[in-house]
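Chemist: Take a look and give me a structure for this.
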Amino acid sequence: MFFSEAGARPRTWEASPSEHKKWVKVFKACDEDNKGYLSREDFKVAVVMLFGYKPTKIEADSVMSSVNPNTSGLSLEEFLSIVRKKKEVQLHRNEIRHIFTAFDRHYRGYLTLEDFKKAFRQVAPKLPEQTILEVFSLHPGDHALPGTSFSTGM
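Modeler: Alright, predicted model coming up:
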């Protein structure tokens, strides 16, 4: 995910034409009866096909509750919008994991204050040390940033 110069607001990610075709193909494959929509179970199968995991009941409930009440399921347009958002989140998490791994030079799964300072000296050498200390102290542990705070559960 790329960030604009104005701050930490990510730019919208767009799928490539081939990726978009893949999503449409998955939608059609999961809409076995050509109903024009995905039922709750169809949606779960589509997520497994695209993301490799079965959505939780909470995730499926959330998606299905957002469906137009005049329809019986998720339209292609709604499905594509949901998949695009899930892909954006996935890319953002991967970027966070990549950055964390670059800072965790000793492969411990967490960052010490010294790791944090070294990382910021490399990427933002003019940033005052007080700011670095304030950012580090925002974490409840105050002594280390656990790698598990960047889990992959979506």
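
Chemist: When you work out contacts or count neighbours from here on, use the C-alpha atoms and nothing else.
Modeler: Noted.

Chemist: what about Tyr110, neighbour count?
Modeler: Other residues within reach of Tyr110, judged by other C-alpha atoms under 10 Å, total 21.

Chemist: shift numbering so it begins at 48
Modeler: Got it, the first residue is 48 from now on, which makes the last one we talked about Tyr157.

Chemist: can you map out the helices along the protein?
Modeler: Remark: helices assigned in the chain by DSSP state H are 64-77, 87-98, 104-112, 123-150, 160-170, 176-184.

Chemist: Need those helices in TSV (columns: mean pLDDT and mean neighbour count).
Modeler: Formatted as TSV, the helices of the chain follow (pLDDT from 0 to 100; neighbours: other C-alpha atoms under 10 Å):
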stretch	mean pLDDT	mean neighbour count
helix 64-77	94	15
helix 87-98	94	17
helix 104-112	91	13
helix 123-150	89	16
helix 160-170	85	15
helix 176-184	84	13
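
Chemist: which residues touch the residue most central in space within the chain?
Modeler: What sits nearest the mean C-alpha location of the chain, by C-alpha atoms, centre = their mean, is Val136, with 2.0 Å. Contact analysis of Val136 by C-alpha atoms under 8 Å, 6 or more residues apart in numbering lists nothing.
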